[in-house]
Every structure is written in structure tokens, then in C-alpha cells.
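> no FASTA, just this:
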DNA sequence: TAGTACGTTTAGTTTATACTAAACAAAGTG
DNA sequence: CACTTTGTTTAGTATAAACTAAACGTACTA
């Protein structure tokens, strides 16, 4: 016997919650996205509250984060004061947005601190330990720079889709 | 005036701690890796304790995790009961190991739950809402499958290096 | 201008998790 | 076999983050 839609939906919401959590985002973000993703029409905050099982405050915060990341987008309806939101269905677009988001903030600062270490090590005597550390930090810095270029390239793409990935897969093989 | 090595090292340790934290790993893991990475010789647990500023328990736990992820590796010395560890310097190798690690566990189970939702939606009447949801979940599942293939390919590579990335970068551009 | 319908902010609670301190286990060594 | 040296496990603590409940601000409406 086929399960009823509501039950299936609930399972899906839980699944996306776990995935969200796994990648280091709040569980609620996954839930909200799941709710919007399964809805044909844009939903208001209160409608999301109802389905996602969180309070308005949490929804408000998470919706803003999701919106900033490009995973959902606001829909304006004239003559209606409510905010509506709908899910982005182009995930490749979303990936680019997320990478762009992550590139700023914390990560950049941390990588920058490795560069700083490098500069500090470069200005010094030729103490063998210093030379050793310099070499290692230089390697790490090169690695980070490469990764940075990769992420940057991905987030600057006009289009990134399954076909691009297929091409990349061929090279990797 | 050049700073002394110890001070520089400390800065580096803090930097890697932040990066570790940013990617959703314990701060201590970054610190431990940093200590080993800057050491020319393999270090014993107690030596790591001393430099990383954590207690033996924490070091023990985190070292095991790092080892499992392939970011550090144990070094056995005959006639010495201590365990020694050294940092992996081939980061591309490490990336592959991390992806492999992540592919199992939580993530797989979560993705599997999306597949389950898909199967549940497939066995049912042609209620328009069900059809809509089916279509959406199918799209998401395809996306996950593609990502899975990508990660799988990367972790199955014999060698992944800066040159491979450069090639990929060319395609992306 | 009072009232209502929103979304946001805030103060406090809950929850998850990394860590500490200390007990424990195992395996030498005298 | 007691004693030391080592790593692991555990019970408890500290901390960070997400969430709740409620106050608040703002703008529309009567």
C-alpha cells in the first residue's frame, strides 16, 4: 500500500535535514529548503513555519541565510505584504553561490594567516629548522592557492551543469 | 626584526585550527596536524601534547581520526613502545582519503533516504501533487548521483595533483 | 491614530560536542 | 610480581550554536 503524501514529505524533510547537518549547516536550513522544494507554489513565512516545525524566529533567520546562499529566492506579490519564497531548482547555480559565499568570511581569513606565516618565515636567518618549516608552509600555501583558484573558477562560471561534470569525470578517469 | 620560530609556529597552529573548524572538523585536529606538519621528525603522543596544548585524551582521539582520514600516518620504531606520527605531505592524496571517508557514514545514508523517498513516490496514483513532487525529487536525486560519481572518481584516482587541477581549470574556463 | 498583520531581534534554553581529568588496560622492566 | 611507561576509555565540564518564546519595530488599514 502506498504511503500518504504527508508521510513521504516528512521523510524527505528529515533526509535533507541530515544532509544539511552533515555539510555543516543548521538542520533547520535543510528542512526549510525541503519544504519549499516540494511546494509547487511559493510559500509565506507562516506556511513554512507550519510545515517545517520551527518557530518564526528560526525560519526568519534560516530563510535569510538560504536566500543569501542562493538556494531559495524571494517572490514578491503585489498587494500582499507577506514575503513568499520558492526553492532554486538549478543546483549547479546554487553550488556556485555557496562556494562564493564560503570564499569570503572565515576561510579567506584563515588562508590569509598561512600566507602571513609564510612571509614571516621568509624574513629570517638560515637556521635549518626555519628552512624546513619554510619549505613545508610554502607547499601548503601553494596547495591552498590552487584550491582557491579552483573554487574561484567554479563560482565564476556562467553555467555549470551535469555536462560539465561529465567532462571533468572523463579527465579524472 | 624577525619573530622567533616558536611564535611563528604558534600562529600557524592557530591558523590551521581555524581552517579545520571552518570545514566542520574539531579545532584540535587542525592544531595536531599543524604541529606534525612543522616537525621534521615523527613525534610521540606526549610530544604532540606538549606542542598542541591539549591533553593526552584529546590527542589520542584526534590522532586516530586524522590517521583514519589519511592526513597523518603512524611511524613504528623498533624497540620503542611509543607511537610516533608524521604528517602526510601529499595533500591531494589526503583529499581523496577524506572524500572516501565522507562517502561512507552519514552522507551515504542521507542520500539513500532521498532515493527512498523517490521510490515511495513512484509507487502511487497520479495525484497531481504527487506527480509534481516526484519530478522534483527525481531531479534532486540525479544531482546527488552525479556528485557521488564525481567524488567517487576523485577518490579512486591513483594520482591527483596540481597538474590535474590545472587541466580541470582550463575546462571550467 | 488606534489597531492589526507582518518580519526581525533579543534574551534565555536546549542540545551537541570537544575537551579535561582521572581511572583503566596493556605491556614492558626491575 | 610490583612498578613504570604508554595509550585508551569514561564521566563530567565547558562552550558554541541552534532554536524557542516573546518583545519589538514597521507599515498598512479602518
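Happy to help now that I have it. Remember, predicted model here, so these are calculated numbers, not experimental data.

> residues contacting residue A:113?
Contacts of residue A:113 were listed using Cβ atoms under 8 Å, 6 or more residues apart in numbering or on different chains, and they are B:11, B:12, B:14, B:15, B:18. C-beta: built from backbone N, CA, C; applies to glycine.

> so the second one makes contact with residue A:117?
Going back to what we said before, that points to residue B:12. Yes: between residue B:12 and residue A:117 there is a contact at 4.4 Å, judged by Cβ atoms under 8 Å.

> intersection of neighbour lists for those two?
residue A:137.

> about what we covered before: ok, and which of the contacts of residue A:113 reach chain A?
Intersecting the contacts of residue A:113 with the contacts of chain A gives B:11, B:12, B:14, B:15, B:18 (criterion: Cβ under 8 Å from any Cβ of the partner chain).

> can you pull the contacts of the last one?
Listed by Cβ under 8 Å, 6+ apart, the contact partners of residue B:18 are A:106, A:109, A:110, A:113, B:27, B:30.

> can you count the residues close to residue A:163?
Residue A:163 has 9 neighbours, counted by other Cβ atoms under 10 Å in any protein chain shown.

> in a helix, it, correct?
Yes: counting by DSSP: H, G, I helix; E, B strand; the rest coil, one finds residue A:163 located in a helix.

> ok, residue A:100 - contacts?
Counting by Cβ under 8 Å, 6+ apart, residue A:100 has contacts residue A:155.

> let me see the mean pLDDT of whichever strand or helix holds it.
Secondary structure from DSSP states H and E places residue A:100 in helix A:91-103. Rounded to a whole number, the mean pLDDT of helix A:91-103 is 79.

> relative to the whole chain's centre, how far out is it?
6 Å (Cα atoms, centre = their mean, to the nearest Å).

> touching DNA strand D at all, it?
No: judged by Cβ under 7 Å from any atom of the strand, helix A:91-103 makes no contact with DNA strand D; its nearest approach is 13.8 Å.

> and the residue nearest to the spatial centre of chain A, what is it in contact with?
Taking Cα atoms, centre = their mean, the centroid of chain A lies closest to residue A:98, which sits 3.5 Å from it. With contact set as Cβ under 8 Å, 6+ apart, residue A:98 has these partners: A:69, A:70, A:71.

> residue A:142 too?
Residues near residue A:142 by Cβ under 8 Å, 6+ apart: residue B:162.

> could you see whether DNA strand D lies near the following helix or strand past the helix holding residue A:100?
Reading on from helix A:91-103 to the C-terminus, the next helix or strand found by DSSP H and E is helix A:105-122. No: on the criterion Cβ under 7 Å from any atom of the strand, helix A:105-122 is out of touch with DNA strand D, staying 9.4 Å away.

> mind listing what's buried in helix A:105-122?
A:107, A:110, A:111, A:113, A:114, A:117, A:118, A:120, A:121 (16 or more other Cβ atoms under 10 Å in any protein chain shown).

> can you put those in CSV and add pLDDT?
Shown next, in CSV, are the buried residues of helix A:105-122 (pLDDT from 0 to 100):
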residue, pLDDT
A:107, 70
A:110, 77
A:111, 84
A:113, 90
A:114, 93
A:117, 95
A:118, 96
A:120, 95
A:121, 95
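
> okay, buried residues for the helix-or-strand element of chain A with minimal mean pLDDT please.
Using mean pLDDT, DSSP states H and E, helix A:91-103 stands out as the lowest-scoring helix or strand of chain A, at a mean of 79. By 16+ other Cβ under 10 Å, the buried positions in helix A:91-103 come out as A:91, A:92, A:93, A:94, A:95, A:96, A:97, A:98, A:99, A:100, A:102.
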